[in-house]
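> just coords:
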């Protein structure tokens with residue numbers, strides 16, 4: 001029986017801090033073009049990147065996983081993202097060539113179809129990704145507007161502000177989102193350019 005090839009999509013901290021994610025190789029900048037934006041306020045105050053169907057498309061990254069099954073890929077990503085197992089079916093996206101009509105993980109139908117099309121061209125059997133929803137500073141799972149996010153970031157201090165700044169600075173410079181440009185203008189948080197983005 002041939003080996004199952006499973007990979008993971010990334011666009012945020014997975015790229016520079018994979019931690020326990022069972023990678024079989026580095027992230028590569030040839031993932032599908034998806035609508036990504038700084039649209040989620042994390043519990044620690046950071047404003048993080050998520051799939052946002054209203055955002056502009058941007059190139060994502062992908063990496064092969066050292067797992068033998070879809071369950072292993074879901075668990076590996078879920079543990080790295082500190083998502084409770086009972087939320088994996090909502091917040092871990094999965095697309096498999098053998099289950100194109102899957103509904104595992106929240107995803108806009110257009111986004112899911114784009115991932116499915118990309119997967120078919122890669123010689124991979126399946127892909128997983130973080131499918132966390134947008135979230136406002138007050139915890140509501142709705143997209144925050146840019147001014148709301150700026151007010152939130154400006155209100156942070158100490159370690160919380162440092163963590164928030166680091167996340168935005170370390171996100172790939174190629175992710176030129178609307179919110180990022182505003183963060184740079186208002187806060188001066190310009191990206192760290194990696195060698196492969198030269």
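Happy to help now that I have it. All values derive from a computational prediction rather than experimental measurement.
> what's stretch 109-122 in contact with?
7, 9, 31-35, 51, 53, 62, 93, 95-97, 100, 107, 126-127, 129 (CB atoms under 8 Å, 6 or more residues apart in numbering). No exception for glycine: its C-beta is placed from N, CA and C like everyone else's.
> Look at residue 156 and say how many residues are nearby.
For residue 156, the count of nearby residues is 17 (other CB atoms under 10 Å).
> check contacts around it.
45, 164.
> Point out where this protein drops to low pLDDT.
Within the chain, the ranges that satisfy pLDDT under 70 run 1-2, 99-103, 192-198.
> on that earlier part again, and the contacts of stretch 109-122, which of them are buried?
7, 9, 31-32, 34-35, 51, 62, 93, 95-96, 107, 126-127, 129 (16 or more other CB atoms under 10 Å).
> just these now: which is nearest residue 23?
Ranked by distance to residue 23 (CB to CB), these are led by residue 7 at 9.6 Å.
> and the lengthiest strand in the chain, what does it pack onto?
Using DSSP state E, we find that the single longest strand of the chain is strand 33-41. Judged by 3 or more CB pairs under 8 Å, 6 or more residues apart in numbering; DSSP states H and E, the packing partners of strand 33-41 are strand 47-51, strand 57-59, helix 109-120, helix 146-155, helix 178-187.
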